[in-house]
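Sequence first, predicted coordinates after that:
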Amino acid sequence: MDVKAAINNAICELEKLKTAAVRDEPINKH
């Protein structure tokens, strides 16, 4: 895997985590 692909994959994983955190936030407030 080249560096660009590794960085792209890491960004993708971070976006997934962010999306999951945003999705869970309203549940935590209840």
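That came through, no problem.

what's the model's confidence in the helix or strand that contains residue 14, averaged?
Per DSSP states H and E: residue 14 is located in helix 3-29. For helix 3-29, mean pLDDT rounds to 86.

Residue 18 and residue 11: what is the separation?
10 Å (Cβ to Cβ, to the nearest Å). For every residue, glycine as well, the C-beta is placed using N, CA and C.

for residue 5, same thing?
Distance check for residue 5 against residue 11: by Cβ to Cβ, it reads 11 Å.

gap between residue 17 and residue 11?
Computed as Cβ to Cβ, the residue 17 to residue 11 distance reads 11 Å.

Counting neighbours, what do you get for residue 19?
10 (other Cβ atoms under 10 Å).

likewise the one 3 residues further on?
Burial measure for residue 22: 9 neighbouring residues, criterion other Cβ under 10 Å.

What of residue 7?
10.

Please apply the same query to residue 6.
Neighbours of residue 6 under the rule other Cβ under 10 Å: 10.

give the contact list for it.
Counting by Cβ atoms under 8 Å, 6 or more residues apart in numbering, residue 6 makes contact with nothing.

can you check residue 2 too?
Under the criterion of Cβ under 8 Å, 6+ apart, residue 2 has no neighbours.

repeat that for 10 Å
Residues near residue 2 by Cβ atoms under 10 Å, 6 or more residues apart in numbering: residue 8.

ok, now how distant is it from residue 18?
25 Å.

Next: residue 4.
21 Å.

Also residue 24?
In terms of Cβ to Cβ, residue 24 sits 11 Å off from residue 18.

Residue 26: neighbour count?
Residue 26: 8 neighbours (other Cβ under 10 Å).

any common contacting residues for residue 18 and residue 11?
Going by Cβ under 10 Å, 6+ apart, no residue sits against residue 18 while also sitting against residue 11.

What is the neighbour count of residue 20?
Using other Cβ under 10 Å, residue 20 is surrounded by 10 other residues.
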